[in-house]
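Trainee: Need coordinates for the following:
(chains A and B)
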Amino acid sequence: KAGVTQTPRYLIKTRGQQVTLSCSPISGHRSVSWYQQTPGQGLQFLFEYFSETQRNKGNFPGRFSGRQFSNSRSEMNVSTLELGDSALYLCASSQSTGGNTEAFFGQGTRLTVV
Amino acid sequence: AQSVTQPDIHITVSEGASLELRCNYSYGATPYLFWYVQSPGQGLQLLLKYFSGDTLVQGIKGFEAEFKRSQSSFNLRKPSVHWSDAAEYFCAVGAAAAGNKLTFGGGTRVLVKP
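Mentor: Here you go, the predicted model:
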């Protein structure tokens, strides 16, 4: 069974640009969550999508957005990039939502903003 | 709001010695508790989880954790550490009302001495 796939693995962007990251969950999983990991702030929840609907959102500015497609694949978009957006972005997939379910993480996308 | 504290940023342990990582959480209701491990440049791997029932839970790689409601703690233990256990360990809390949102502690980096 394939794991969670995140593409691309590495990305370098310039301040002011926008970026789209992709996450393909484990087959049969309908929930996808996104996290930002930085040395200063640690792991922070961005948002969760379940059956194409945003279920929950973290405390991030509106520049961060996401969506989920009918095949459960998810994308997150960051517009008007800032240097502080440099981070490892992790995606996690789960079979269901509700909290008492195991989340499987991808290897992440390392975004560097210059 | 949920919060998680991992008091130890770094721990150094000799190979073969026992390991205990501390985790304290703050949440009003019964939490869902998790321990994850992250190797450099990688995603997160679930070691074990607690949803309800027996407060001593067994996980993969010989790890176990004990939920103590009175102390709001969920400490991770391993009787004998192997060099391959060197990594960063994260405690996380979830809740039914929060969907699959996880709140993570700051992490504990474990170094293993030969």
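Trainee: Around chain B, pick out the residues from chain A.
Mentor: Residues of chain A found near chain B (C-beta under 8 Å from any C-beta of the partner chain) are A:4, A:31, A:33, A:35, A:42-45, A:48, A:50, A:55-56, A:58, A:90, A:92, A:94, A:97-108, A:110. Placement of C-beta: from N, CA and C, glycine included.
Trainee: Check which helices and strands the host helix or strand of residue A:66 sits against.
Mentor: Using DSSP states H and E, residue A:66 sits within strand A:64-68. Packing contacts for strand A:64-68, counted by 3 or more C-beta pairs under 8 Å, 6 or more residues apart in numbering or on different chains; DSSP states H and E, involve strand A:42-50, strand A:74-78.
Trainee: which residues of chain B fall in strands?
Mentor: B:3-5, B:10-14, B:19-21, B:24-26, B:32-38, B:44-50, B:56-58, B:64-68, B:73-78, B:87-94, B:103-104, B:108-113 (DSSP state E).
Trainee: got those as TSV, with mean neighbour count columns?
Mentor: TSV is the format used below for the strands of chain B (neighbours: other C-beta atoms under 10 Å in any protein chain shown):
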stretch	mean neighbour count
strand B:3-5	17
strand B:10-14	13
strand B:19-21	18
strand B:24-26	16
strand B:32-38	23
strand B:44-50	20
strand B:56-58	14
strand B:64-68	18
strand B:73-78	20
strand B:87-94	24
strand B:103-104	21
strand B:108-113	16
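Trainee: Make JSON lines from the ones you listed and add mean pLDDT and distance to residue A:73 to it.
Mentor: As requested, the strands of chain B are exported to JSON lines (pLDDT from 0 to 100; distance: least, C-beta to C-beta, whole Å):
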{"stretch": "strand B:3-5", "mean pLDDT": "96", "distance to residue A:73": "30"}
{"stretch": "strand B:10-14", "mean pLDDT": "98", "distance to residue A:73": "38"}
{"stretch": "strand B:19-21", "mean pLDDT": "98", "distance to residue A:73": "35"}
{"stretch": "strand B:24-26", "mean pLDDT": "95", "distance to residue A:73": "32"}
{"stretch": "strand B:32-38", "mean pLDDT": "96", "distance to residue A:73": "23"}
{"stretch": "strand B:44-50", "mean pLDDT": "96", "distance to residue A:73": "20"}
{"stretch": "strand B:56-58", "mean pLDDT": "97", "distance to residue A:73": "32"}
{"stretch": "strand B:64-68", "mean pLDDT": "97", "distance to residue A:73": "33"}
{"stretch": "strand B:73-78", "mean pLDDT": "98", "distance to residue A:73": "33"}
{"stretch": "strand B:87-94", "mean pLDDT": "96", "distance to residue A:73": "23"}
{"stretch": "strand B:103-104", "mean pLDDT": "96", "distance to residue A:73": "24"}
{"stretch": "strand B:108-113", "mean pLDDT": "97", "distance to residue A:73": "33"}
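Trainee: Tabulate those (a markdown table), appending distance to residue A:21.
Mentor: Output for the strands of chain B, formatted as a markdown table (distance: least, C-beta to C-beta, whole Å):
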| stretch | distance to residue A:21 |
| --- | --- |
| strand B:3-5 | 25 |
| strand B:10-14 | 30 |
| strand B:19-21 | 30 |
| strand B:24-26 | 29 |
| strand B:32-38 | 19 |
| strand B:44-50 | 17 |
| strand B:56-58 | 33 |
| strand B:64-68 | 32 |
| strand B:73-78 | 30 |
| strand B:87-94 | 21 |
| strand B:103-104 | 19 |
| strand B:108-113 | 26 |
